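Asks: Sequence first, predicted model second:
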Amino acid sequence: MRLVLACVAGLALVLSGCSKLGGSQSKAAIQAAIERHLQQRPKVMLNNMTLEVQDVKFSGDKAEAEVKFRSKQAPSLAVEVRYGLRKVGDQWEVESSSPSSGTGGNPNGDAGGAAPTPRPTEPALQPSH
């Protein structure tokens, strides 16, 4: 009986370790990291959009995620953003973001984030007399 209990306890420890490893390399863990990142941006209205993690590629303590943000008011409006993440401790953190495609605003809420800043237009040259 003791042998059976010891085997069950050992198996439980192994499985709990595997679930922690597998759980950190999941779309859910990446989505949670991106949501935490966006919650720190005062201009982002997460309540107005749906965040959909489309694809994640893991490479050690780095990950790249393709994310689609869809407007809840106008679902046909969507923007895709590529996020670069790094694992710090047992959590993922966003390191970078860049636009992939779509129409709409900047889901990062800052001019230096995912959306390019428009260049000022130069006045047309006037011919001299």
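Replies: Thanks, I have it. Residues are numbered from 1 along each chain as shown.

Asks: how about the helices in this structure?
Replies: Using DSSP state H, the helices found in the chain span residues 2-24, 27-39.

Asks: Okay, now the unreliable bits of the chain?
Replies: 1-23, 102-129 (pLDDT under 70).

Asks: residue boundaries of the strands in the chain?
Replies: Counting by DSSP state E, one finds strands in the chain at the ranges 49-59, 62-71, 78-88, 91-102.

Asks: now those in CSV, with mean neighbour count and distance to Lys43?
Replies: Every C-beta, even on glycine, is put in place using the N, C-alpha and C of the backbone. Output for these, formatted as CSV (neighbours: other CB atoms under 10 Å; distance: least, CB to CB, whole Å):
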stretch, mean neighbour count, distance to Lys43
strand 49-59, 14, 13
strand 62-71, 19, 14
strand 78-88, 18, 15
strand 91-102, 16, 14
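
Asks: Among these, which comes closest to Ala28?
Replies: In terms of CB to CB, the element of the strands of the chain nearest to Ala28 is strand 49-59, at 8.3 Å.

Asks: what packs against the closest one?
Replies: helix 27-39, strand 62-71 (3 or more CB pairs under 8 Å, 6 or more residues apart in numbering; DSSP states H and E).

Asks: With Ala29 as the reference, measure out to the nearest residue to Lys27 once chain neighbours are set aside.
Replies: Nearest residue to Lys27 in three dimensions, chain neighbours excluded: Val53, at 4.6 Å (CB to CB, 6 or more residues apart in numbering). Going from Val53 to Ala29 by CB to CB, to the nearest Å gives 10 Å.

Asks: Ok, Ser100 next?
Replies: 21 Å.

Asks: do the same with Lys87
Replies: 9 Å.

Asks: swap in Ser98?
Replies: Going from Ser98 to Ala29 by CB to CB gives 21 Å.

Asks: Skip the chain neighbours and tell me the closest residue to Lys72.
Replies: Excluding the flanking residues, the one nearest Lys72 by CB to CB, 6+ apart is Asn48, at 5.7 Å.
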